[in-house]
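A.B. asks: give the three-dimensional model of this entry:
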Amino acid sequence: MSSSAQEVTLLGLCDGQLDPRRHCSSFLTNKVGGEPDWPPVVSGPSPRCGGCGAPSVHVVQVYCPLDTSPYHRNLHLFACPAAECSGRPESWTVLRSQCLEAAAQTRGRPLPKEKEVDGWGGGGGGVKDAEVQDEAVEVSRRLQGLRLGASPADVPVLRAFFISVVEEADLGGEDDELQHAQQLLREYERREGVAVGELNSGSGEETYEKTGARHGDAIFSRFMKRISLCPQQILRYCRGGRPLFISEPPSDAGRPVPACGSCGGARTFELQLMPALVGLLRRKDGGEAELEFGTVLIYTCTSSCWTEESGSTVEEFCLVQSDPDQQLFK
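C.D. replies: Next up, the predicted model:
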């Protein structure tokens, strides 16, 4: 995947519940919740909250190989499910893992190539066909069964959902999306006292006008305008592109994003979680996940550094922003 080359923004949408009795998942699967699927030869850790120390819950798994790289590549996002830690950046953990295709082969049975997997570079649809991933799943299950670093029993598990992928640019001419977007915008205008211009499906011009919203800033209005054609998006991906802030960035946001803790190199924006994801985050046992956020922005090593011999994950950087109007997305 190389959306950054042309700054193509890809959107992740919920594509139905992942029922383990009927579906299989592997590290090639894009999904919400469930147990993390680690690539072969990678020792998957069990992250804990940087605030309270409690076990973190697995929130999102993204398969995101780079076009110029020979590696399979994943990002796993974890968060503390405790209410008192919700929205705190130290309660989130982002782990990157990679493995060569050759290293992912077991007993002479190769994994499907990237082009055979309908992921972020596939141009739509979720990774739902078990037939496509049978061999990868079989390899992943065998290796995970032998892995000593299994998740502790007290780690909560969220209900799992498939994530399908579409290009944001492909949504511009859909009448039903436009109607739904206009309805959301009208509701927002009534509540907040902000006038947002009618959507123009044929151009990307910013036609809204801020008239003293209660939240008071054009940043939130711009956020609403940008996502209005697809308010159900749960994830935005554009490696090397620009993040979409939901509120004023922190005062220290002008400073460079912290360097990669592995190689010391610069980081780049890669993806962000969106408010619509919050409504999907329910514990498998029926309890509330207590996760609330506006957007979680993920920055990763620009060179995607990796040491094959290490077999361990690389921690990346995230910025958490609260949602000034969370109920709009529920």
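
A.B. asks: CA only for contacts and neighbour counts going forward, please
C.D. replies: Fine.

A.B. asks: which regions of the stretch 201-330 of the chain lie under the pLDDT threshold?
C.D. replies: By pLDDT under 70, the weakly predicted segments of the stretch 201-330 of the chain are 201-216, 251-255, 325-330.

A.B. asks: show me the strands in it, by range?
C.D. replies: Here the stretch 201-330 of the chain has its strands, by DSSP state E, counting those that start in this stretch, at 235-237, 267-273, 295-301, 314-321.

A.B. asks: just tell me which of those strands ends up closest to A54.
C.D. replies: Closest to A54 of the strands of the stretch 201-330 of the chain, according to C-alpha to C-alpha: strand 314-321, at 18.0 Å.

A.B. asks: next, the angle from the closest one to strand 267-273.
C.D. replies: For strand 314-321 against strand 267-273, the angle by axes from the mean of the first three to the mean of the last three C-alpha atoms, to 10 degrees is 60 degrees.

A.B. asks: can you list the strands of the stretch 201-330 of the chain in JSON lines and add mean neighbour count and distance to R226?
C.D. replies: Listed next are the strands of the stretch 201-330 of the chain as JSON lines, based on neighbours: other C-alpha atoms under 10 Å; distance: least, C-alpha to C-alpha, whole Å:
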{"stretch": "strand 235-237", "mean neighbour count": "26", "distance to R226": "11"}
{"stretch": "strand 267-273", "mean neighbour count": "23", "distance to R226": "14"}
{"stretch": "strand 295-301", "mean neighbour count": "25", "distance to R226": "14"}
{"stretch": "strand 314-321", "mean neighbour count": "21", "distance to R226": "17"}
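
A.B. asks: could those strands go into JSON lines alongside distance to Q61?
C.D. replies: Shown next, in JSON lines, are these (distance: least, C-alpha to C-alpha, whole Å):
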{"stretch": "strand 235-237", "distance to Q61": "11"}
{"stretch": "strand 267-273", "distance to Q61": "11"}
{"stretch": "strand 295-301", "distance to Q61": "13"}
{"stretch": "strand 314-321", "distance to Q61": "14"}
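
A.B. asks: and these: which comes nearest P89?
C.D. replies: Per C-alpha to C-alpha, nearest to P89 of the strands of the stretch 201-330 of the chain: strand 314-321, 5.5 Å.

A.B. asks: run me through the strand neighbours of the closest one, direction for each.
C.D. replies: Strand pairing for strand 314-321, determined by DSSP bridges: strand 92-100 (antiparallel), strand 295-301 (antiparallel).

A.B. asks: among those, which is nearest V166?
C.D. replies: Per C-alpha to C-alpha, nearest to V166 of the strands paired with strand 314-321: strand 295-301, 19.2 Å.

A.B. asks: list the contacts of G87.
C.D. replies: Shown in contact with G87 (C-alpha atoms under 8 Å, 6 or more residues apart in numbering): L291, E292, F293, V320, Q321, S322.

A.B. asks: and what of V320?
C.D. replies: G87, R88, P89, F293, G294, T295, V296, L297.

A.B. asks: tally of neighbours for the fourth one?
C.D. replies: To tie it back to what came earlier, the one meant is F293. For F293, the tally of surrounding residues (other C-alpha atoms under 10 Å) stands at 20.

A.B. asks: can you tell me the closest non-neighbouring residue to it?
C.D. replies: Once flanking residues are discounted, F293 sits nearest to S322: 4.7 Å by C-alpha to C-alpha, 6 or more residues apart in numbering.

A.B. asks: can you check the last one too?
C.D. replies: In this structure, L297 finds its nearest non-sequential neighbour in Q272, 4.3 Å apart by C-alpha to C-alpha, 6+ apart.

A.B. asks: relative to G279, how far out is L10?
C.D. replies: 20 Å (C-alpha to C-alpha, to the nearest Å).

A.B. asks: so which of the two has more stuff around it?
C.D. replies: Neighbours were counted for L10 and for G279 using other C-alpha under 10 Å; L10 has more, 24 against 14.

A.B. asks: doesn't V165 make contact with that one?
C.D. replies: Yes. Using C-alpha atoms under 8 Å, L10 is in contact with V165, at 6.5 Å.

A.B. asks: that older thread, which of the contacts of G87 lies closest to P249?
C.D. replies: Closest approach to P249 among those (C-alpha to C-alpha): Q321, at 8.0 Å.

A.B. asks: the closest one and P39, how far apart?
C.D. replies: Distance, Q321 to P39, using C-alpha to C-alpha: 30 Å.

A.B. asks: please apply the same query to I298.
C.D. replies: Note on I298: its distance to P39, by C-alpha to C-alpha, is 20 Å.

A.B. asks: please apply the same query to R48.
C.D. replies: R48 sits 20 Å away from P39, going by C-alpha to C-alpha.

A.B. asks: compare those two (neighbour count), which wins?
C.D. replies: Taking neighbours as other C-alpha under 10 Å, R48 and P39 compare with P39 leading, 27 against 20.

A.B. asks: so the nearest residue to that one once chain neighbours are set aside, which state does it fall into?
C.D. replies: In space, and not counting its chain neighbours, P39 is closest to F27: 5.5 Å by C-alpha to C-alpha, 6+ apart. Local secondary structure at F27 is given as coil here, using DSSP: H, G, I helix; E, B strand; the rest coil.
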